[in-house]
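S.K.: Any chance you can model this:
(chains A and B)
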Protein chains: 2
Amino acid sequence: MKKLAFGIDIGGINTAFGLVDEKGDLYAESVISTKAYPFLKDYKTYVKDLCEAMKVLIDSVNFDFELIGIGIGAPNANYYKGTIETPANLWKFSDEDTDRSDERRIFHFADDVREYFPDTPVFVTNDANAATIGEMVYGNAKGMKDFIMITLGTGVGSGFVANGQLIYGHDGFAGEFGHVIVERNGRECGCGRRGCLEAYASAVGIKRTAFELMATMNVPSALRDIPFNNLDSAMLSTAAKKGDPIALEAFRITGEKLGHALADAVTITSPEAIFLFGGLAKAGTLISDPVKWYMEENMLFAFKDKVKVLPSGLQSKNAAILGASALVWQNA
Amino acid sequence: MKKLAFGIDIGGINTAFGLVDEKGDLYAESVISTKAYPFLKDYKTYVKDLCEAMKVLIDSVNFDFELIGIGIGAPNANYYKGTIETPANLWKFSDEDTDRSDERRIFHFADDVREYFPDTPVFVTNDANAATIGEMVYGNAKGMKDFIMITLGTGVGSGFVANGQLIYGHDGFAGEFGHVIVERNGRECGCGRRGCLEAYASAVGIKRTAFELMATMNVPSALRDIPFNNLDSAMLSTAAKKGDPIALEAFRITGEKLGHALADAVTITSPEAIFLFGGLAKAGTLISDPVKWYMEENMLFAFKDKVKVLPSGLQSKNAAILGASALVWQNA
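M.R.: Numbering: from 1, shown residues only, chains lettered A, B, ... in the order given. As a prediction, this is how the structure comes out:
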């Protein structure tokens, strides 16, 4: 019988899920709102509604198959414990929560899903780790034993693979490359510190750079008519392709920060390749060219011209679902 | 029959070697000069003399044993290929070498030793990786799956262990943490770049800091009577223990640089512990206290107060031999 795995991607706005085979082909997919369940008190209902929607999706498939597992990618997820721990944008405290200790927002997600699917293995990991495993199982990292995945979205996520295994670390939270410090006492980061890579090299980071450049440069630019809250990395990419000098310089600076940080990461794990994934990576060579250039400029001699910078093989709208489902195939 | 492994530590001055059992007990040891064989043309004689001295040591043991392998730690060594590649201070070109291509200084060390010990497995790795495996097999990292070893000697070496395995990387040269950049356009490093951790946090790095402080501070200090070429990290440690303000400040700054760099490394691999090893680590809490303090000050929230900073369990004069021999036990 055909075997399929569930891949579930929990984002702050929506939760996307689908049924995927071992080649990465998607047979059915659906979505529920995450945002409709904003508070801690909504969590149990969210899990129930998600699991019921998953069962509806299973019933919609018009052939017999075996569900071999459920893979879930989520922010602040812990692979070892199957938990989602104190996520910034999910199931927050509301006014009626008087006890606001961190422990109350440790969600035993794998266990809670297992209540609805008692005979199915459930795996949870953070979204960047899920994308990394997706790259290894379905994407351009097939057969590679040592590589780095960088996800350039609202934040910067990462997954490090060494000796053919994802590095989860002692506590299950390894791969927070977005929070290496690239500028001591630099820009404020969402983590509460200053100067993290994420504050420069994410989709939001490049926008911050563009706004900094509008202040430091005098050159005319179409970007000067767009408010901060409306600008996104796709607009920056379009502007750069038209030759907008501020957009071009913003991509150069972003590549410089990320390239320098990657040269340091290479000295630690010596990967075969680095994959760029996510919204900002869709800018293609606009971002990958300066990343490569500054990484090589800064590279220790022993590693020069050895490490490939490659696009992800998962650049599709369903990449997050594929990544999450890959967790199942890797553990099958 | 008792089983013993050879551990060989190739340094720029001497080559130390000994016979070690699986518990890390040393049964016999000896040393030959490395310095007496300075040039490329001396290499074959060096290997011959070393292997003959090893056989003399074997004969000196007054009980029967089985030699189960030979482990070698050396600079620029490659575990996968068994080579020592273009080492800066070993078997250099002499005036008579007209062909100075890099390829001529790739030494197939494991193969060359196997000519004298044809039936014995031979393993080669760099000295910091050897120390890391030593810590895992005999030392304080026994049973740990995820840790970082930092060797603070003339340079800064490192070994990263994740999922219970040393990270060699795609090319076998991973773990060059001494060459992450901690100060953009900072001090000259031996690698030809600027601002590497090694230029600040090694035994030589802390000396450079002390000399910088003698320039920037006016406070009297016993160190002001010692020329650069005579000062070593043990003298700095003694001065700091007596309250010398320049020595104390040099340790603080060294701990700051290393602590900040380690906080970044933790975000990548999330280790259970970090071990400090080597000459400068002998300063004990003088170095480990500021390392801990600055690492925690700079730590991403998710990792705060989780990662231990510990002394190596191999702090003895034979640590390098033990480390090299551990390569054999790990592969046995």
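
S.K.: Distance check, A:T209 against chain B.
M.R.: Distance, A:T209 to chain B, using C-beta to the nearest C-beta, to the nearest Å: 17 Å. Every residue, glycine included, has its C-beta placed from N, CA and C.

S.K.: ok, for that residue, nearest residue in space, not its chain neighbours?
M.R.: In this structure, A:T209 finds its nearest non-sequential neighbour in A:A250, 4.6 Å apart by C-beta to C-beta, 6 or more residues apart in numbering or on different chains.

S.K.: Over to A:A332?
M.R.: For A:A332, ignoring the flanking residues on the chain, the nearest one in space by C-beta to C-beta, 6+ apart is A:I68 at 5.9 Å.

S.K.: Please tell me how far the one you found sits from chain B.
M.R.: Separation of A:I68 from chain B (C-beta to the nearest C-beta) stands at 24 Å.

S.K.: got the CA coordinates for the helix or strand hosting that residue in PDB?
M.R.: According to DSSP states H and E, A:I68 maps onto strand A:65-74. What follows is strand A:65-74, C-alpha atoms only, in PDB (Å, rounded to 0.1, in the frame of the first residue of the first chain):
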ATOM      1  CA  PHE A  65      -2.800   4.500   1.900                       C
ATOM      2  CA  GLU A  66      -0.900   3.900   5.200                       C
ATOM      3  CA  LEU A  67      -0.200   7.000   7.300                       C
ATOM      4  CA  ILE A  68       3.300   6.300   8.600                       C
ATOM      5  CA  GLY A  69       3.800   9.400  10.700                       C
ATOM      6  CA  ILE A  70       3.200  13.100  11.400                       C
ATOM      7  CA  GLY A  71       6.000  15.600  11.200                       C
ATOM      8  CA  ILE A  72       5.500  19.100  12.600                       C
ATOM      9  CA  GLY A  73       7.700  22.200  12.100                       C
ATOM     10  CA  ALA A  74       7.000  25.100  14.600                       C
END
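
S.K.: That strand: partners in the sheet, and parallel or antiparallel?
M.R.: The strands beside strand A:65-74 in its sheet (DSSP bridges) come out as strand A:2-10 (parallel), strand A:122-126 (parallel).

S.K.: next SSE after that strand?
M.R.: Next element after strand A:65-74 (DSSP H and E): strand A:77-78.

S.K.: Does that next one pack against any helices or strands, and if so which?
M.R.: Applying 3 or more C-beta pairs under 8 Å, 6 or more residues apart in numbering or on different chains; DSSP states H and E, we find strand A:77-78 packed against strand A:83-85, strand A:122-126.

S.K.: Mind doing that once more with 6 Å?
M.R.: If contacts are counted by 3 or more C-beta pairs under 6 Å, 6 or more residues apart in numbering or on different chains; DSSP states H and E, strand A:77-78 sits against strand A:122-126.

S.K.: Can you list the buried residues in the strand it packs on?
M.R.: Across strand A:122-126, burial judged by 16 or more other C-beta atoms under 10 Å in any protein chain shown covers A:122-126.

S.K.: now swap in stretch A:244-264 and tell me
M.R.: A:244, A:246-264.

S.K.: before we move on, what about stretch A:140-153?
M.R.: Buried residues in stretch A:140-153, counted by 16+ other C-beta under 10 Å: A:140-141, A:144-153.

S.K.: Stretch A:279-295 now?
M.R.: Neighbour-count burial for stretch A:279-295 [16+ other C-beta under 10 Å]: A:279-283, A:286-288, A:290-292, A:294-295.

S.K.: Helices along the stretch 1-150 of chain A, start to end?
M.R.: For the stretch 1-150 of chain A, helices defined by DSSP state H, counting those that start in this stretch occupy the ranges A:43-60, A:109-114, A:127-137.

S.K.: burial measure for the closest residue to A:K145 other than its chain neighbours, as a count.
M.R.: Closest residue to A:K145 apart from its sequence neighbours, by C-beta to C-beta, 6+ apart: A:G164 at 4.5 Å. Neighbourhood size, A:G164 [other C-beta atoms under 10 Å in any protein chain shown]: 12.

S.K.: A:G164 and A:D146 touch, don't they?
M.R.: No - contact criterion C-beta atoms under 6 Å: A:G164 and A:D146 do not qualify, at 8.0 Å.

S.K.: list the contacts for the residue most central in space within chain A?
M.R.: Centroid-nearest residue in chain A: A:A128, 3.7 Å away (criterion: C-alpha atoms, centre = their mean). Contacts were defined as C-beta atoms under 6 Å, 6 or more residues apart in numbering or on different chains; by that measure A:A128 touches A:151, A:157-159.

S.K.: near chain B, which residues of chain A?
M.R.: Counting by C-beta under 6 Å from any C-beta of the partner chain, chain A comes close to chain B at A:146, A:162-163, A:165, A:167, A:169-171, A:173-174, A:176-177, A:179-180, A:191, A:264, A:267-272, A:300, A:302.

S.K.: Could you tell me which of these are located in strands?
M.R.: Mapping the residues of chain A next to chain B onto strands (DSSP state E) picks out A:162, A:165.

S.K.: ok so, going back, what's the strand holding A:I68 in contact with?
M.R.: Strand A:65-74 has contacts (C-beta under 6 Å, 6+ apart) with A:1-10, A:84, A:120-124, A:127, A:130, A:323-325, A:327-328, A:332.

S.K.: By the neighbour-count criterion, which of those residues qualify as buried?
M.R.: For the contacts of strand A:65-74, a burial check counting by 16+ other C-beta under 10 Å picks out A:4-10, A:84, A:120-124, A:127, A:130, A:323-325, A:327-328.

S.K.: Phi and psi next, for the residue with the largest distance to the centre of chain A.
M.R.: Largest separation from the mean C-alpha position in chain A: A:N218, at 35.2 Å (C-alpha atoms, centre = their mean). Backbone torsions for A:N218, taken as degrees, to the nearest 10, come to phi -110, psi -10.

S.K.: give the contact list for it.
M.R.: Residues counted as contacts of A:N218 (C-beta under 6 Å, 6+ apart): none.
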